[in-house]
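*Asks:* kindly generate the corresponding structure for this input.
(chains A and B)
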There are 2 protein chains.
Amino acid sequence: MRILPSSRTLRAPFSIGDGYATLHSPILSISRRTRRTPVSARVAASGVKGYTVYNHMLLPTVFDSMEADYWHLKRHVQVWDVACERQVEVRGPDAARLVQMLTPRDLSSMTIGRCYYTPMVDETGGMLNDPVTLKLDDDRYWISIADSDLLLWVKGLAFGMRLEADVSEPDVSPLAVQGPKADQLMTRVFGEQVRSIRFFHFRLMGFQGRQLIVSRSGYSRQGGFEIYVDQTSLGEPLWDALFAAGEDLGVSAGGPNLIERVESGLLSYGNDMTRENTPHECGLGRFCDTPDAIGCVGRDALLRVTAEGPIRQIRGLKIAGEPVPPCTELWPVFADGEQVGSVSSAIWSPEFNTNVAIGMIRMTHWAPGTMLEVGASDGTRAAEVCNLPHD
Amino acid sequence: MRILPSSRTLRAPFSIGDGYATLHSPILSISRRTRRTPVSARVAASGVKGYTVYNHMLLPTVFDSMEADYWHLKRHVQVWDVACERQVEVRGPDAARLVQMLTPRDLSSMTIGRCYYTPMVDETGGMLNDPVTLKLDDDRYWISIADSDLLLWVKGLAFGMRLEADVSEPDVSPLAVQGPKADQLMTRVFGEQVRSIRFFHFRLMGFQGRQLIVSRSGYSRQGGFEIYVDQTSLGEPLWDALFAAGEDLGVSAGGPNLIERVESGLLSYGNDMTRENTPHECGLGRFCDTPDAIGCVGRDALLRVTAEGPIRQIRGLKIAGEPVPPCTELWPVFADGEQVGSVSSAIWSPEFNTNVAIGMIRMTHWAPGTMLEVGASDGTRAAEVCNLPHD
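*Replies:* Numbers count the residues shown, from 1 in each chain, chains lettered A, B, ... in the order given. Presented below is the predicted three-dimensional model:
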């Protein structure tokens, strides 16, 4: 799904190194175009140190340090400003048909109140986004997107096919509560009913007289919720309520954490997959029901790969040696001097005491345990193929 | 068109101020998703200090300082890494029809070798992008885009209408040469023929045995060219050739400059205009031939505003007082306590010795000379409506 902070965001800015290192600690120039969120002032007051830009919006990446944030996330509870997970709202008589056009996952039995992780593909089967889709009503969906303007694809299809559907970006800014103490914190703010929300389901929960959609989901494996703040003015009151209620739980501001997501094998659109890749290459075949996804624009293109399987696929890798430098472009992966894949995300794991990575490896070399070589930006290193999540 | 660096990118990072100022000097976290360009290593070696993210790609914003970069641009010549101006290539039997669907500008008499500034709108007449469109052949166009995934809109339309057109993002990364000495520098690298390229025309020019598209265009009013580098491996040789040839001209690395663009009245998509706005509101009516743009998907919606004119429109403003803080969100504009518009871009102009701004003002108050009040983030200031460009 989402994000991708770099591991070197904490180094001193402007350190002039080899011409490569300087790329990793520049200042971000902010303007209206890199949109603020309903809680940007709270994020700033919490001492944010780094951002990335995601769906034309600020996404905080580092507060204390990448590693301190990581340990805190795995032990306590964090509030994340993930407003950049914008919604594409699809509503109208043709809404269900239009949403099914987007994905090879069969939505015909999806019920109201469900969240589905939905690979979205173009007519060639190439990934356009990997959002979570929420069914709000039989004729109303929210598609909670990763980093691409999926809105424009959906609008183009709707117009081109003259569908009776309205496609818009509503004023909805998710706030995530993630970590092992998320249930405790959420219960204090929303009441005991939050515990009854099952994984990838949502319910309406009251807050200050308003009903907000709350789902059990989020871009970590530490457990937690996403609150769909559907009114900008509610952002700060909700943030404040969560921090007030969670003081003794050690609640802090956080964000999707590169170390945690790579360990957990959570993919990032734009990093680990692009339009070049099919869902099957991305290891997302289990979210595809291509033969039954009748109407999906990529169905024709995907039927063959569905039957035969891909010739390259996402894998984990453990990379030997010292902590790797930031992976800011594909690193080639070799076997006997021949390229057999590439690494798209890599970082030092304090828990596993090695570098963990995500990459795309050819079928001939993707078996767990295969020893390969990675051309990292600071030199060649040994690496071992493994399953995801890392363990 | 493009860009938007913030004026405070040069302040010390992590300065914890009022919770607002901290927003302006954070580190940018870089990953594969915030794509590098063919000349990223050269940009780093040139001492880049700030970036923004534009079309999921790094765009350098500051080298020396915003103001030093500005004076240099107005006096000498700069090489800009504007690879983020990605191309949407449209080719095939239906290419011309598809491109006309996108814009209310009449393309029927466009000849090969022309660049057209083309407002692009959705079915409601709302701006989706404001690219420069190049006609490469009768059945082949490049749309050189501002910051939105226009590719997805064009692909959606093409699929939905079953058009015979291929829509892709080729490996083309523009490099701009801007400033009063641009002609001199370009002549040294490409020969005297570059002088014959007329404004918003392009020609093929030889470089190291390859023919590159070179247009007289760019995101400044200082004159210059854009070179469409259509092979990643050519980026560094071209960069090096320009710097070697321009040493005595004082050539330096640069980028779209916020001060220069606001003075010049160059709009920025995502800053000064969004899907909310029609081209007419953006003052782009002169690029629209709506009644004749038959096939444009926004034609129906725009016919009325074409006839009647908009009720609000882009204007310049001069804002009184000390240099304004960075404008990172809309600032409301008031007359007698009632909101009559908003400011979207603002910065101190060393040349005009006042703050220059771009905003959207209601018809009742848009006459040049009208005195208004701007609710800047640091307090209310007097402002005077003026024409664009500033003078």
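
*Asks:* wait, a strand at residue A:227?
*Replies:* Yes - counting by DSSP: H, G, I helix; E, B strand; the rest coil, residue A:227 is part of a strand.

*Asks:* from residue A:210, how far off is the closest residue to it other than its chain neighbours?
*Replies:* Distances taken as CB to CB, 6 or more residues apart in numbering or on different chains put residue A:175 closest to residue A:227, at 4.8 Å, once the chain neighbours are dropped. From N, CA and C alone the C-beta is placed, and that goes for glycine too. The gap separating residue A:175 from residue A:210 is 14 Å, by CB to CB, to the nearest Å.

*Asks:* show me what contacts the residue in the stretch 251-391 of chain A that chain B sits nearest to?
*Replies:* Going by CB to the nearest CB, chain B is nearest to residue A:270 of the stretch 251-391 of chain A, at 3.4 Å. By CB atoms under 8 Å, 6 or more residues apart in numbering or on different chains, the contact set of residue A:270 is A:4, A:146-148, B:31-33, B:56.

*Asks:* list just the nearest of the residues you listed to residue B:95.
*Replies:* Distance ranking of the contacts of residue A:270 against residue B:95, using CB to CB, places residue A:148 first at 23.4 Å.

*Asks:* about what we covered before: what about the residue nearest to residue A:227, which SS state?
*Replies:* Classified using three-state DSSP, residue A:175 is strand.

*Asks:* any weak-confidence spans in chain A?
*Replies:* Scanning chain A for pLDDT under 70 picks out A:1-24.

*Asks:* run me through the strand neighbours of the longest strand seen in it, direction for each.
*Replies:* The residue-count maximum for a strand in chain A (DSSP state E) belongs to strand A:338-349. Strand A:338-349 has these partner strands in its sheet, going by DSSP bridges: strand A:331-335 (antiparallel), strand A:354-362 (antiparallel).

*Asks:* what's downstream of the last one, the next helix or strand?
*Replies:* Moving toward the C-terminus from strand A:354-362, the next helix or strand (DSSP states H and E) is strand A:371-376.

*Asks:* only alpha carbons, please: show that next one as PDB.
*Replies:* The C-alpha coordinates for strand A:371-376 follow below in PDB (Å, rounded to 0.1, in the frame of the first residue of the first chain):
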ATOM      1  CA  MET A 371      21.900 -16.900  -2.400                       C
ATOM      2  CA  LEU A 372      22.200 -13.800  -4.700                       C
ATOM      3  CA  GLU A 373      24.100 -10.600  -5.000                       C
ATOM      4  CA  VAL A 374      22.700  -7.100  -4.600                       C
ATOM      5  CA  GLY A 375      24.200  -4.100  -6.300                       C
ATOM      6  CA  ALA A 376      23.600  -1.600  -3.500                       C
END
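
*Asks:* re the thing from before, name the residues of the longest strand of chain A that are buried.
*Replies:* By neighbour count on 16 or more other CB atoms under 10 Å in any protein chain shown, the buried set for strand A:338-349 is A:340-349.

*Asks:* what's the answer for stretch A:116-124, then?
*Replies:* Those would be A:116-122, for stretch A:116-124 by 16+ other CB under 10 Å.

*Asks:* cool, and stretch A:90-104?
*Replies:* Buried, per 16+ other CB under 10 Å, within stretch A:90-104: A:90-92, A:94-104.

*Asks:* tabulate these (a markdown table), appending secondary structure and distance to chain B.
*Replies:* Output for the buried residues of stretch A:90-104, formatted as a markdown table (DSSP: H, G, I helix; E, B strand; the rest coil; distance: CB to the nearest CB, whole Å):
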| residue | secondary structure | distance to chain B |
| --- | --- | --- |
| A:90 | strand | 13 |
| A:91 | strand | 16 |
| A:92 | coil | 14 |
| A:94 | coil | 12 |
| A:95 | helix | 16 |
| A:96 | helix | 17 |
| A:97 | helix | 12 |
| A:98 | helix | 10 |
| A:99 | helix | 14 |
| A:100 | helix | 15 |
| A:101 | helix | 9 |
| A:102 | helix | 10 |
| A:103 | coil | 15 |
| A:104 | coil | 15 |
